[in-house]
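Q: Sequence and predicted model, in that order:
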Amino acid sequence: MKITEQLVEDVSFYLMTKACIELPDDVTCALQRALAAETDPIAVSQLHSILQNAEIAKRRQKPICQDTGIPMFYVNYGMNCMAQGDLRAAITRGTARASDRVPMRHNVVHPLTLENRRNNTGWGVPVIYWDVIPDSDVLELTAVPKGFGAEMRSAHSIVYTSENIKDAVRRCVMDMVEDSMGEPCPPVIIGVGVGGLTDSVMNVAKRSMFRSPVGTRNPDPMVAAMEEELLSEINALNLGPMGLGGNSYALAVNIDVVASHASTVAIGVSLQCWCSRYSTARIHGDGRVEFLTHPKEAST
């Protein structure tokens, strides 16, 4: 059985709808751990409010945050995947349906004319990042409504390889945190890309934020140690939730490394607010759908 265009549309609709309304379990658990470890009374109050907000949104089936962001998808396309039709068009239609169903705020406009189609699509949106997976017949989709309070705090730097790269990464991240304060709605997840090109490093940083479950370390021990050290140093700043004080400004620091030019290293930093919304599903070659973050009865 082929993976049909209609199936991809229906799955995209479900994923974007759920991502806007219900936090994934791993994010909720990370916030609960932060609350259990927090000692500052204002920070405790903020985290209680955050978790209560998430619970009310799920119970009432309303958006977790008024900024439902720019719709974005990560698509892992198995090389043996028998998918038919225009997958981009299918994902776009699913997004438009979710925009009406949630409902999502009409954020997507033409950057020059400010024209608004009022369905959160158009002019290259939803943003879709494609990756081809060898020896797989699975189509995996992750929907992300990317809010801009955190997105606008993304940063990019290039340093020479003659520098201490670990120290340069530390400076980039710490400067970003100290400049951002409460604007990205902490507790944040911080994604860091090291290496690659000026454009690709930001994608590496952004993708790393969705490492699951929250707190999973990079398999490279050297990189994992950098993640631990940075997380500890950031939370020791006592910026806390919403920048109002406390020891839980960041839930995780995720660093991913790719090859670099011999002369310079690109460093990208991307932030995700406490409302780290995403939803993932796998469509198998036989048409079976496996909903990973927001389960429902499997469909064919």
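A: Yep, it's here.
Q: How far does stretch 170-183 sit from its chain's centre?
A: 18 Å (Cα atoms, centre = their mean, to the nearest Å).
Q: mind giving me the domain split of this protein?
A: Domain ranges of the chain: 5-22+64-147+277-291, 149-272, per automatic domain parsing.
Q: Redo the ones you listed as CSV? Include mean pLDDT and mean neighbour count.
A: (Each C-beta comes from the backbone N, C-alpha and C, glycine too.) Converted to CSV, the domains of the chain look like this (pLDDT from 0 to 100; neighbours: other Cβ atoms under 10 Å):
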stretch, mean pLDDT, mean neighbour count
domain 5-22+64-147+277-291, 96, 19
domain 149-272, 96, 19
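Q: Tell me which of those domains lies nearest to A57.
A: Of all the domains of the chain, it is domain 5-22+64-147+277-291 that lies closest to A57, at 4.3 Å by Cβ to Cβ.
Q: Quick one: end-to-end distance for that closest one.
A: Start and end residues of domain 5-22+64-147+277-291 are separated by 18 Å (Cα to Cα, to the nearest Å).
Q: got the domains of the chain as TSV, with distance to Q52 columns?
A: Below are these laid out as TSV (distance: least, Cβ to Cβ, whole Å):
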stretch	distance to Q52
domain 5-22+64-147+277-291	11
domain 149-272	13
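Q: Looking at those, spot the one closest to T39.
A: domain 149-272 (6.7 Å).
Q: secondary structure class for the residue of the chain positioned farthest from its centre?
A: The C-alpha centroid of the chain is most remote from S162, which lies 32.3 Å away (Cα atoms, centre = their mean). Using DSSP: H, G, I helix; E, B strand; the rest coil, the structure places S162 in coil.
Q: separation between it and S45?
A: 47 Å (Cβ to Cβ, to the nearest Å).
Q: related to what we said a few turns ago, tell me which of the domains of the chain sits nearest to E55.
A: Between the domains of the chain, domain 5-22+64-147+277-291 lies closest to E55; by Cβ to Cβ that is 10.0 Å.
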